[in-house]
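> let's see this in three dimensions:
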Amino acid sequence: MPAYEAADRHGVDRLEQLLTLGRALTSQLELPSVLDRILKMARELTGARYAELRVLDGDGHGLSQFLTAGVTDEPREAIDAPPSGEGVLGVPITIRGQAWGHLYLTEKADAEDFNDDDLHTIVVLAEWAAVAIEHARLLGEAATRRQELERALGTSRAAMEIATAVGSDTDLPRILRLIGERARALVEADALLIWLRAGDRLQIAAVAGNADVPDDATIPLGTSTAGEAARRARSARVEDLHRMQVDPSEYGVSQARTTLIVPLVHRGRGLGVLMAFDHLGATASFDAEDQRALEAFAASAATAVATARSVEAQRLHDTMAAAESERRRWARELHDETLQGLASLKLALVGALTAEPDLARPLLESAVAQLEDDIAGLRLVIADLRPAALDELGLEPALRTLITRVAKSAGLKVRGTIDLKATRHAPDIETIAYRIAQEALTNVVKHASARTITVDAGLEAASLVLTVTDDGRGLGSEQGAGYGITGMRERAALASGSLEVDALPGGGTRVTLELPSGKDLPAEA
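Just a heads-up that it's a prediction; the model follows:
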């Protein structure tokens, strides 16, 4: 083959190599793979024994990375300066006009020095490298932003779920369990513990994941890493758990290696901490992104805890107030009726003792009549406190007796149907249903000025449903503000039931109670 044809063939081959080079480099999606491929191609295309890539730092003066290929005997740490002298080829790599790094080649095989073709090839390689590096870097940044957005979205979803849960369920233990589960998933922790402040200690409140923590576990607020995070409202990442002031093995977390502690802060007050143990990814350590995500979530979680605690405190206050109101009512009835009747009886008996025999008999007969009335009154009080029919016969007969007695004493007409299939229900369910019916009827008599009451009770699916409706003046401020309705709602909640009080168009009120018909409770209603 003539020399010029060989040269042309060589140029075509070199062009094809460079095109293949460009396609190969730009197909790499991760920066470490791109850099490794650059070094490998540089050696293959030029026949160099050694290749090194020096990546400049942000200032352009120092190095952020130092990569080599072909170095076997000499450690890379011993190479502290670019190659110099004969047989060295070096080109810069620039991205958007800024120096990014330098590519050096040395010791060309079968030749003393690199030629013009080698120089041209390595320059083109540097240009392709710049494109590929920028491409991989942009993809990496996009992937990082996507991960950040996914994490932020996960945090927002978890916070929204907590807020929604608080809106529909203010039971603190359930809220805490939900917070623990969502926080653990958010940072992919092996276990997550929630500690809340209780005096001068932190008390375990919820556990999610792989941890066996005693229900009564506590750690000191003043001399523990978690306590310090709570007091100072400052997060902490601990890589060596032996550095913690209280060893996690003392409260049942013995296999953990790392922890992330984030405070729960509401209106400047530390409520407690979230404590995550061992990331489930390639490394057990939590990073700054995990910390930021958990801190963002903790802000919503703290609000949820404070809200649930506030509702719990208000519920306790209302329950105590309702109970106290009920006690006052019984005290008034005993004082105004029974005690006054007994006082009158005493006077009558005293008079009989001092009267003439002919006059004593009428006084004694009047005293006996008075005593019978007082006994009847006491029986009514006792029946209201705990009707014998409820224990002996069940809810349906007890309701019928109650309705008849209230309607007769108040002069009300009665309508409705009571059909509970003559079956007995859990004792606490029967007690709660009876007490709520009793309170609803009492409200009608005292506040509604009604003429007619309609009482319906029946079984629907797995629920016992009771409604008390009146045709009175409706749900006014006097009726709605009283503790009677609060007490009814509290009783219903004890059995995981619901109670609705509705003002009817044109006047009147309807109270609707729904209870799980077979649920038995561990505590008295």
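
> count of neighbours near residue 292?
16 (other C-beta atoms under 10 Å). Placement of C-beta: from N, CA and C, glycine included.

> repeat for residue 462
The burial metric for residue 462, expressed as a neighbour count using other C-beta under 10 Å, is 10.

> need phi/psi at it.
phi -100, psi 20 (degrees, to the nearest 10).

> and it, how far is that from residue 491?
Separation of residue 462 from residue 491 (C-beta to C-beta, to the nearest Å): 19 Å.

> am I right that residue 450 is in contact with residue 470?
Yes: under the criterion of C-beta atoms under 8 Å, residue 450 makes contact with residue 470 at 3.9 Å.

> between the two, which contacts overlap?
444, 508 (C-beta atoms under 8 Å, 6 or more residues apart in numbering).

> between those two, which one's more packed in?
Taking neighbours as other C-beta under 10 Å, residue 450 and residue 470 compare with residue 470 leading, 27 against 21.

> ok, that one - contacts?
444, 448, 450, 452-454, 508-509.

> buried subset of those as a ChimeraX selection?
Buried residues within these, by 16 or more other C-beta atoms under 10 Å, are selected in ChimeraX with:
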select :444,448,450,452,453,454,508,509
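
> the contacts of residue 470 in strands, which ones?
452-454, 509 (DSSP state E).

> out of those residues, which is nearest to residue 273?
Set against residue 273, the nearest of the ones in strands among the contacts of residue 470 by C-beta to C-beta is residue 509 (47.2 Å).

> tell me how many other residues surround the closest residue to residue 38 other than its chain neighbours.
If the residues on either side of it in the chain are set aside, residue 38 comes closest to residue 129, at 4.8 Å by C-beta to C-beta, 6 or more residues apart in numbering. By other C-beta under 10 Å, 28 other residues sit near residue 129.

> now the strand or helix carrying residue 129: mean pLDDT?
Here residue 129 sits within helix 116-168, counting by DSSP states H and E. Averaged over helix 116-168, pLDDT sits at 70.

> now the two most distant members of the ones in strands among the contacts of residue 470.
Most distant of those, by C-beta to C-beta, are 452 and 509, 12.3 Å apart.

> from what I see, residue 94 and residue 133 are in contact.
No: counting by C-beta under 8 Å, residue 94 sits too far from residue 133 to count as a contact (10.4 Å).

> the two: which is more packed in?
residue 133 (21 against 13).

> excluding its backbone neighbours, what's nearest the more buried one?
residue 34 (5.8 Å).

> so how many other residues sit close to that neighbour?
So residue 34, with other C-beta under 10 Å, has 22 neighbours.

> what is the subsequent helix or strand relative to the helix or strand encompassing it?
Residue 34 belongs to helix 31-46 when elements are defined using DSSP H and E. Next in sequence after helix 31-46, counting helices and strands by DSSP H and E, comes strand 48-56.

> quick one: buried residues of the helix or strand that comes right after that following strand?
Sequence-wise, the next helix or strand downstream of strand 48-56 (DSSP H and E) is strand 63-69. In terms of neighbour count (16+ other C-beta under 10 Å), strand 63-69 has its buried residues at 67-69.

> stretch 96-116 now?
Quick answer for stretch 96-116 (16+ other C-beta under 10 Å): 100-106, 108, 114.

> so how far is the first residue of that stretch from its last?
Terminal residues of stretch 96-116 lie 26 Å apart, using C-alpha to C-alpha, to the nearest Å.

> show residues contacting that stretch.
Contacts for stretch 96-116 (C-beta under 8 Å, 6+ apart): 38, 42-43, 46-56, 60, 65, 82-83, 86-94, 118, 122, 125-126, 129-130, 133-134.

> tell me where the stretch 351-500 of the chain has strands.
413-415, 418-419, 452-460, 463-470, 498-503 (DSSP state E, counting those that start in this stretch).

> what's the closest of the ones you listed to residue 177?
strand 498-503 (21.6 Å).

> what's in contact with that closest one?
With C-beta under 8 Å, 6+ apart, strand 498-503 has contacts from 436, 474-475, 480, 485, 488-489, 492, 509-514.

> mind doing that once more with 6 Å?
474-475, 485, 488-489, 492, 509-514 (C-beta atoms under 6 Å, 6 or more residues apart in numbering).

> just the ones in helices from these, please.
When the contacts of strand 498-503 are checked against helices (DSSP state H), the matches are 485, 488-489, 492.

> which of the contacts of stretch 96-116 are buried?
Buried among the contacts of stretch 96-116 (16+ other C-beta under 10 Å): 38, 42-43, 46, 48-56, 88-91, 93, 118, 122, 125-126, 129-130, 133-134.

> and which of the ones in strands among the contacts of residue 470 is nearest to residue 187?
Taking the ones in strands among the contacts of residue 470 together and measuring to residue 187 by C-beta to C-beta, the closest member is residue 509, at 50.2 Å.

> distance check, the closest one against residue 500.
Residue 509 is 11 Å from residue 500, by C-beta to C-beta.

> tell me the SS of residue 285?
What DSSP: H, G, I helix; E, B strand; the rest coil gives for residue 285 is coil.

> measure the closest residue to it other than its chain neighbours to residue 244 for me?
Excluding the flanking residues, the one nearest residue 285 by C-beta to C-beta, 6+ apart is residue 258, at 5.0 Å. As judged by C-beta to C-beta, residue 258 and residue 244 stand 11 Å apart.

> any regions of the stretch 1-150 of the chain where pLDDT drops low?
1-29, 58-61, 71-87, 143-144, 147-150 (pLDDT under 70).

> now with 50, please.
Within the stretch 1-150 of the chain, the segments meeting pLDDT under 50 span 1, 3-8, 75-78, 85.

> one step back: residues shared between the contacts of residue 509 and residue 500?
By C-beta under 6 Å, 6+ apart, no residue touches both residue 509 and residue 500.

> between the ones in strands among the contacts of residue 470, which is closest to residue 287?
residue 509 (58.7 Å).

> residues contacting residue 513?
Counting by C-beta under 6 Å, 6+ apart, residue 513 has contacts 436, 466, 499.

> please name the bridge partners of the second one.
Residue 466 has these beta-bridge partners by DSSP bridges: residue 457, residue 513.

> I figured it hits residue 457, correct?
Yes: using C-beta atoms under 6 Å, residue 466 is in contact with residue 457, at 4.6 Å.

> more neighbours: which of those two?
residue 466 (25 against 22).

> check what pLDDT that one gets.
95.

> for the stretch 151-300 of the chain, give me the ranges with low pLDDT.
Looking at the stretch 151-300 of the chain by pLDDT under 50, you get 167.

> just the strands in it please.
189-198, 201-209, 218-220, 236-238, 259-266, 269-279.

> would you turn these into a markdown table with distance to residue 421?
Converted to a markdown table, the strands of the stretch 151-300 of the chain look like this (distance: least, C-beta to C-beta, whole Å):
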| stretch | distance to residue 421 |
| --- | --- |
| strand 189-198 | 45 |
| strand 201-209 | 41 |
| strand 218-220 | 50 |
| strand 236-238 | 61 |
| strand 259-266 | 49 |
| strand 269-279 | 49 |
